[in-house]
Structure formats: C-alpha cells, structure tokens
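Asks: The following block contains a protein sequence and its predicted model.
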Amino acid sequence: MSSNTGELVMIPTPGISHLQPTLQLSKLILQTTQNISISIYVIYFPHQATKVNGFLDSQSLDNPYPTRLTFVPFSIQTTLPDPTPLSFVTAMEANKSIVKQAVEDRVRAGLGKPVGFVLDIFCAGFVDVANELNIPSYIFSTTGVSFLNIMFYAQSMVDDHGVDVAKEFNDPGFSGLVSGFKNPVTSDVIPKAFLANGPLLDMLLNLTRKIRETKGILVNTYMELQSFGIGTLVNSVVKKMPIIYPVGPILKLDDKIGGGSDNEEKKSIMEWLDGQPKSSVVFLCFGSMGCFDAEQVKEIANGLERSGHRFLWALRKPPPSNNEIYLEALPKGFVDRTSDRGKIIGFAPQVAVLAHPAIGGFVSHCGWNSTLESLWFGVPMGTWPMFAEQQLNAFELVKELELAVEIRLDYKFDNKVRKGNFLISAEEVEKALNNLMNIDEKMTGRVKNISDEAKQALDENGSSNKSLRHFIQDVLNSSL
C-alpha cells in the first residue's frame with residue numbers, strides 16, 4: 001500500500017437508501033487503509049433539515065473514526081418540489097458552486113486538495129466540479145450492475161447508433177438481448193424512466209455521459225453474484241468505460257434494538273419470532289416507501305390466510321400516514337383468525353428479522369439493499385417489485401440468477417394515484433407463498449452458496465476486498 005495520504009470527498013444522494021451505503025463504504029475504506037480520510041458532503045433539501053440533522057447527530061455519537069470521518073452538510077437553495085430524481089439532479093446542477101466553494105475554502109485553509117470525489121450516480125453532474133479543480137472523480141453505484149448496464153446500453157444506442165431507445169424499449173413486443181443480460185429483457189421490467197422521451201430520460205442519458213468521464217465505478221455488488229453483468233462492463237468495447245470496482249456487499253448489519261419510542265415494538269417482534277419454528281415464517285416487507293391500496297391489501301391478506309403459512313407482515317398506510325399500520329384495510333376478522341400464526345407490524349427491523357432462524361422466505365420489493373441483505377442471510381425471496389429499478393432486479397434474481405421465486409416481475413406502483421398497474425389476486429399470492437416456502441433443494445443450495453460467497457468476497461483474500469484495495473491504490477497513486 002502506498003505511503004501517500006489524502007482525503008476523499010463522498011457525495012451521496014439524499015435518502016437513507018443512498019446515505020447508509022455511502023457511510024458503510026466510507027467506514028470500510030477507513031478500516032482497510034490508514035492513508036485516507038473521508039468527508040461526506042450531505043446535500044439536502046430545506047424541508048429535510050430535521051431528518052438530516054437527526055442522522056448527523058446519531059452518526060457523530062457512533063463514529064469509530066472521529067478524526068478521519070467528517071460530515072459536511074449543505075442545504076440546497078431551491079424552489080423545486082420534493083426531491084424526485086429529476087428535481088434533485090436539477091437542483092444539483094444549480095448548486096454546484098457550493099461544493100466547489102467548500103473545496104476551495106479547504107485548500108485556502110492549508111488543508112490540501114482532495115485526492116478524489118466519489119459521487120452517487122445521481123450526483124454525477126459534480127464531475128464538472130472535479131474536472132475544474134483537477135481532481136479525479138469516481139462513481140459509487142448503490143445498486144448492482146444491471147441498472148448500469150441498462151444506462152450504458154441506452155446511452156450508446158442514442159449517441160453511437162441514433163436509436164430512439166424510448167420508442168424501442170416501450171414497444172410492448174420488445175424482447176431484446178441488452179448487453180449485460182443472458183436472457184432477453186422485456187419492456188415491462190425496464191425502468192420507467194427509459195420508456196418515454198422527455199426530461200427524465202434526458203437526465204439519465206446526461207448522467208451516463210458524465211459517468212463515462214470518471215476514472216472508475218465502485219459498485220455495491222460482488223463478482224460471484226453478478227459475474228456476467230460485471231464482465232460485460234469490464235470487457236466493454238464501447239469507448240470511455242471507467243474501471244469497475246465490485247466492492248460489495250456493502251451492508252449495515254448492526255441493526256441493534258436500541259432506545260426510542262419503537263424499542264418495545266422491536267422487542268415484541270423478536271420475541272414473537274423466538275417462538276416460531278425454524279424456517280417457518282414468511283416475512284413480507286416492501287421497503288421504506290412500499291405501500292398498497294386497500295384492495296391489494298385485502299388480496300394479500302386473503303392469500304396469506306389461505307396459504308396457512310406463518311407470517312410477519314410490515315403493513316403501512318400510504319403517505320402521509322405511512323408510519324401507521326394499515327389495519328382498517330384488512331378483511332374483517334383477519335387479525336383474530338390468524339393471531340396464532342401471524343403478526344402485523346409497522347416498522348420492521350429488517351436486518352434483525354432476516355437474520356432470525358425462524359424466517360423461511362422473504363416477499364420483497366427487490367430494492368438492492370434488501371436483496372443483498374436477504375442473500376447475505378441465505379433467505380429465499382419472492383419478487384414483488386414496486387419502483388425504480390426494482391423490476392430489473394426481480395428479473396435478474398428470477399431469470400438470470402435463479403435465486404428467487406417469481407410472484408410478479410412487472411408490478412409497478414404509481415405514487416400519484418397510490419395504486420399498482422394491476423391487482424395481484426389472492427390466488428396468485430397463495431400460490432406464490434406456497435412456492436416460496438417449499439422451494440426445491442437446487443434453489444436452496446444456490447441461495448446458500450451465494451450467501452457463503454458474499455461473506456468470502458469481503459474476506460482478506462476475497463474478490464471485493466481485493467477490488468477495494470485496488471481502488472484505494474489507484475486513488476492514492478493518482479495524487480502522486
């Protein structure tokens with residue numbers, strides 16, 4: 001390892017699903033080398049101030065590297081609405097000067113110039129700032145390589161071949177061999193942003209162009225899980241492909257039951273699981289934003305009841321009341337009839353639940369953090385995607401990797417109308433739960449193997465550990 005030292009600036013997208021992996025990656029880097037310090041630039045919208053300050057306060061109390069890991073908060077000056085990816089990226093473009101000023105102030109104070117910027121995908125516009133300051137830039141993808149492969153494929157089709165990708169992808173009959181996938185990808189699993197020409201697609205294409213300008217991409221995955229997709233990027237014949245560093249799985253596994261108003265609920269959940277037989281409980285949880293309309297809730301409940309399986313179901317109301325349990329949507333008498341084998345909860349301590357031996361299956365929205373957590377603990381998944389790239393993740397889990405049971409691959413929840421694109425019936429739910437809780441030995445073996453390989457990847461001689469050390473060496477060498 002080089003004796004050179006320097007500071008990395010990390011810039012995550014606001015939101016716990018991006019902040020938390022960035023923080024965990026930072027800690028992993030600091031654990032791996034003494035030669036780097038890290039500043040996380042936490043950029044947020046004004047209305048997020050209370051939540052962001054709470055996050056920063058909690059981290060300052062639990063910072064194992066107080067002299068090497070610092071948080072620098074910036075409030076975005078904007079009149080834009082809530083931070084959708086489009087409004088966030090637009091606001092970032094208008095506020096690049098705040099980051100440039102912070103770095104220049106640091107240099108003037110005699111603290112030296114950062115050795116690199118590590119940017120979230122949606123912060124790729126800051127590549128311009130890095131270039132102006134002559135600082136190397138890197139990307140941290142908090143999701144796997146499938147979304148990256150779609151991004152690069154779409155941008156190459158547009159820029160190198162003049163293809164209208166929205167028209168191509170949006171064709172109901174589209175079934176194409178997209179680079180990075182072994183099986184034909186259909187339009188119903190391609191992220192919505194790629195299916196219509198307009199500002200959102202333009203934003204993604206522009207971000208992809210910026211990503212190509214960087215020196216490398218750190219990806220929250222491991223070679224053993226996504227070898228085909230990683231290999232496609234590494235061996236790309238398309239011009240300007242940065243170095244790919246698979247450094248995952250980046251997980252927050254210390255999901256302790258601590259203090260606070262929800263402490264008793266957490267304890268109650270774990271005590272209930274303690275009383276269930278091994279691998280007997282199906283866990284249903286759909287992420288921090290996952291919710292359903294009342295009609296879909298009833299179908300899930302009826303399917304659960306008919307299946308006869310034990311269950312733990314995180315059931316929250318749609319926003320703005322999504323911290324409350326959606327009990328009024330359940331069929332009359334459901335809670336009483338299933339009280340001997342089921343438990344309805346609001347917030348779920350997901351890591352602690354997935355780690356519990358009573359869990360035998362996980363009905364998931366297929367967010368990438370949840371996917372990695374489930375695989376880490378060797379829990380088979382049933383796919384019920386909701387937003388963003390989750391349909392693509394579900395497709396990969398079921399069709400490419402054969403690590404999950406398909407409930408649906410093409411379900412999409414519309415936040416504006418608070419409904420899915422179709423209703424999944426109680427019969428479908430019942431059948432899927434039975435398939436999930438009775439998977440064959442081949443899939444059980446694959447899930448166990450990929451779980452073991454996740455842990456091995458992070459070992460001293462593991463693939464991800466080597467990749468991270470490669471990144472650290474490249475960063476330090478670039479500053480010589």
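Replies: That came through fine.

Asks: How is this protein divided into domains?
Replies: As assigned by automatic domain parsing, the chain contains the domains 6-250+461-478, 263-439.

Asks: now those domains in a markdown table, with distance to residue 454 and mean pLDDT?
Replies: Bear in mind the C-beta positions are built from the backbone N, C-alpha and C, glycine included. Putting the domains of the chain into a markdown table (distance: least, C-beta to C-beta, whole Å; pLDDT from 0 to 100) gives the following:
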| stretch | distance to residue 454 | mean pLDDT |
| --- | --- | --- |
| domain 6-250+461-478 | 5 | 90 |
| domain 263-439 | 5 | 94 |
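
Asks: could I get the ones you listed as JSON lines with distance to residue 449?
Replies: Putting those into JSON lines (distance: least, C-beta to C-beta, whole Å) gives the following:
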{"stretch": "domain 6-250+461-478", "distance to residue 449": "9"}
{"stretch": "domain 263-439", "distance to residue 449": "9"}
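
Asks: Let me have those in a markdown table, extended by mean neighbour count and distance to residue 455.
Replies: Output for the domains of the chain, formatted as a markdown table (neighbours: other C-beta atoms under 10 Å; distance: least, C-beta to C-beta, whole Å):
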| stretch | mean neighbour count | distance to residue 455 |
| --- | --- | --- |
| domain 6-250+461-478 | 18 | 8 |
| domain 263-439 | 19 | 8 |
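
Asks: Minimum distance to residue 451: which of those domains has it?
Replies: Nearest to residue 451, of all the domains of the chain, is domain 263-439, at 3.8 Å by C-beta to C-beta.

Asks: Residue 430: what's it in contact with?
Replies: The contact partners of residue 430, by C-beta atoms under 8 Å, 6 or more residues apart in numbering, come to 302, 303, 304, 306, 307.

Asks: Show me where the stretch 151-300 of the chain has its strands.
Replies: Ranges of strands in the stretch 151-300 of the chain, per DSSP state E, counting those that start in this stretch, are 175-176, 185-186, 216-219, 243-246, 281-285.

Asks: picking up where we left off before, looking at the contacts of residue 430, which are in helices?
Replies: Under the assignment DSSP state H, the contacts of residue 430 contribute 302, 303, 304, 306, 307 to helices.

Asks: Could you verify my assumption that residue 365 touches residue 384?
Replies: Yes. At 6.0 Å, residue 365 and residue 384 qualify as touching, with contact defined as C-beta atoms under 8 Å.

Asks: Check whether residue 176 really touches residue 185, as I assumed.
Replies: Yes. Using C-beta under 8 Å, residue 176 is in contact with residue 185, at 6.0 Å.

Asks: most centrally placed residue in the chain?
Replies: For the chain, residue 368 is the residue whose C-alpha lies nearest the centre (C-alpha atoms, centre = their mean; 3.7 Å).

Asks: That one contacts residue 394, doesn't it?
Replies: No. Applying C-beta under 8 Å as the test, residue 368 and residue 394 come out as separate, 11.2 Å apart.

Asks: any idea how far the spatially closest residue to residue 395 that is not a sequence neighbour is from residue 295?
Replies: Using C-beta to C-beta, 6 or more residues apart in numbering and skipping the chain neighbours, the partner closest in space to residue 395 is residue 189 (4.2 Å). When distance is defined by C-beta to C-beta, to the nearest Å, residue 189 is 24 Å away from residue 295.

Asks: Check residue 43 too.
Replies: From residue 43 over to residue 295 (counting by C-beta to C-beta), the distance is 39 Å.

Asks: Include distance to residue 434 when you put the contacts of residue 430 into a markdown table, please.
Replies: Output for those, formatted as a markdown table (distance: C-beta to C-beta, whole Å):
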| residue | distance to residue 434 |
| --- | --- |
| 302 | 14 |
| 303 | 10 |
| 304 | 11 |
| 306 | 9 |
| 307 | 6 |
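
Asks: and which of those is nearest to residue 34?
Replies: For the contacts of residue 430, the minimum distance to residue 34 (C-beta to C-beta) is 51.3 Å, reached by residue 304.

Asks: how near is the closest one to residue 412?
Replies: The spacing between residue 304 and residue 412, counted by C-beta to C-beta, is 22 Å.

Asks: again with residue 445
Replies: On the measure of C-beta to C-beta, residue 445 and residue 412 end up 32 Å apart.

Asks: for residue 213, same thing?
Replies: 32 Å.

Asks: tell me what the helix or strand hosting residue 101 is packed against?
Replies: Using DSSP states H and E, residue 101 falls within helix 96-108. Using 3 or more C-beta pairs under 8 Å, 6 or more residues apart in numbering; DSSP states H and E as the contact test, the elements touching helix 96-108 are strand 6-11, strand 36-44, strand 69-75, helix 127-132.

Asks: tilt between it and strand 36-44?
Replies: 150 degrees (axes from the mean of the first three to the mean of the last three C-alpha atoms, to 10 degrees).

Asks: Need the CA coordinates for helix 96-108. CSV is fine.
Replies: What follows is helix 96-108, C-alpha atoms only, in CSV (Å, rounded to 0.1, in the frame of the first residue of the first chain):
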residue,chain,number,x,y,z
LYS,A,96,-22.6,23.0,-8.0
SER,A,97,-20.8,26.2,-6.7
ILE,A,98,-21.4,25.2,-3.0
VAL,A,99,-19.3,22.1,-3.4
LYS,A,100,-16.6,23.9,-5.4
GLN,A,101,-16.5,26.7,-2.8
ALA,A,102,-16.2,24.2,0.1
VAL,A,103,-13.2,22.5,-1.6
GLU,A,104,-11.5,25.9,-2.4
ASP,A,105,-12.0,27.1,1.2
ARG,A,106,-10.3,23.9,2.4
VAL,A,107,-7.3,24.4,0.1
ARG,A,108,-7.0,28.1,1.2
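
Asks: Would you mind listing the outside residues contacting it?
Replies: The contact list for helix 96-108, computed with C-beta under 8 Å, 6+ apart, reads 9, 11, 41, 43, 72, 74, 112-114, 125-126, 128-129, 132-133, 135.

Asks: Show me what secondary structure element comes after that helix.
Replies: Downstream of helix 96-108, the first helix or strand assigned by DSSP H and E is strand 116-120.

Asks: what are the pairing partners of that next one, and which direction each?
Replies: Within its sheet, and counting by DSSP bridges, strand 116-120 is paired with strand 6-11 (parallel), strand 137-141 (parallel).

Asks: now these as a markdown table including distance to residue 84?
Replies: Below are those laid out as a markdown table (distance: least, C-beta to C-beta, whole Å):
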| stretch | distance to residue 84 |
| --- | --- |
| strand 6-11 | 18 |
| strand 137-141 | 19 |
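
Asks: Select, out of these, the one closest to residue 358.
Replies: strand 137-141 (33.2 Å).

Asks: what does that closest one contact?
Replies: Residues contacting strand 137-141 (C-beta under 8 Å, 6+ apart): 10, 12, 21-22, 25, 116-121, 124, 126-127, 130-131, 147-148, 211, 213-220, 242, 471, 475.

Asks: hmm, back to that, from the ones in helices among the contacts of residue 430, which single one is nearest residue 52?
Replies: residue 304 (36.9 Å).

Asks: tell me the contacts of residue 194?
Replies: Neighbours of residue 194 in contact, by C-beta under 8 Å, 6+ apart: 150, 154, 165, 166, 169, 201, 204.

Asks: how close does residue 216 sit to residue 461?
Replies: As for residue 216, its distance to residue 461 is 22 Å (criterion: C-beta to C-beta).
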